[in-house]
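[1] any chance you can model this:
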Amino acid sequence: MRPGPALIAVDVVAWGLVHASTGYLVHRLPARAFDRDGWLWRERAVERGGRLYVRVFRVRRWKRRLPEAGDLFRGGFDKSRLRSRDPGYLRDYVRETRRAELGHLLAAAGALLFFLWNPCPLGLVMVLYGVVANAPCVISQRFNRLRLRRLL
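    Below is the predicted model:
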């Protein structure tokens, strides 16, 4: 069974809402919620100080092409490039990588909502989209955070 144009339109609009709402939600959370490496943001042994992202995912080749949404929200933090080596700025940058990572993880998890109105095979496609669309951003944030923490 092929999805009709109406279902495709609903899915496209729903993804827009998922991405916008998760971005807005994490932007509204207080900065102190992202000040420390909790369980979610802690470095894992498999990351090997960021080497996993360089060797396996080749993050340096493509991370500059990712969109930067930090400036979409008033008071957002632009993570498109390192603007200073000041320790205060670097701590802010690390904090904002945690915020961005959470936003992308929540957006990917939002794919589960699509099972509410899509047939199971299409729901699985939506999960695949959620992972493919958000994984590069999560990888980039984790890679940047590991590098920045070394600078600190």
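[2] what residues are up against the residue nearest the centre of the chain?
    Closest to where the C-alpha atoms of the chain average out (Cα atoms, centre = their mean) is His104, at 3.0 Å. By Cβ atoms under 8 Å, 6 or more residues apart in numbering, His104 lies in contact with 22, 134, 137-138, 141. No exception for glycine: its C-beta is placed from N, CA and C like everyone else's.
[3] ranking those by neighbours, who comes first?
    Gln141 (25 neighbours; other Cβ atoms under 10 Å).
[4] now flag whichever of the contacts of His104 is closest to Glu43.
    The closest of the contacts of His104 to Glu43 turns out to be Gln141 (Cβ to Cβ; 12.6 Å).
[5] who's in contact with that closest one?
    For Gln141, counting by Cβ under 8 Å, 6+ apart, the contacting residues are 97-98, 100-101, 104.
[6] could you turn the buried ones of these into a PyMOL selection?
    Remark: buried members of the contacts of Gln141, expressed as a PyMOL selection using 16 or more other Cβ atoms under 10 Å:
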select buried, resi 97+98+100+101+104
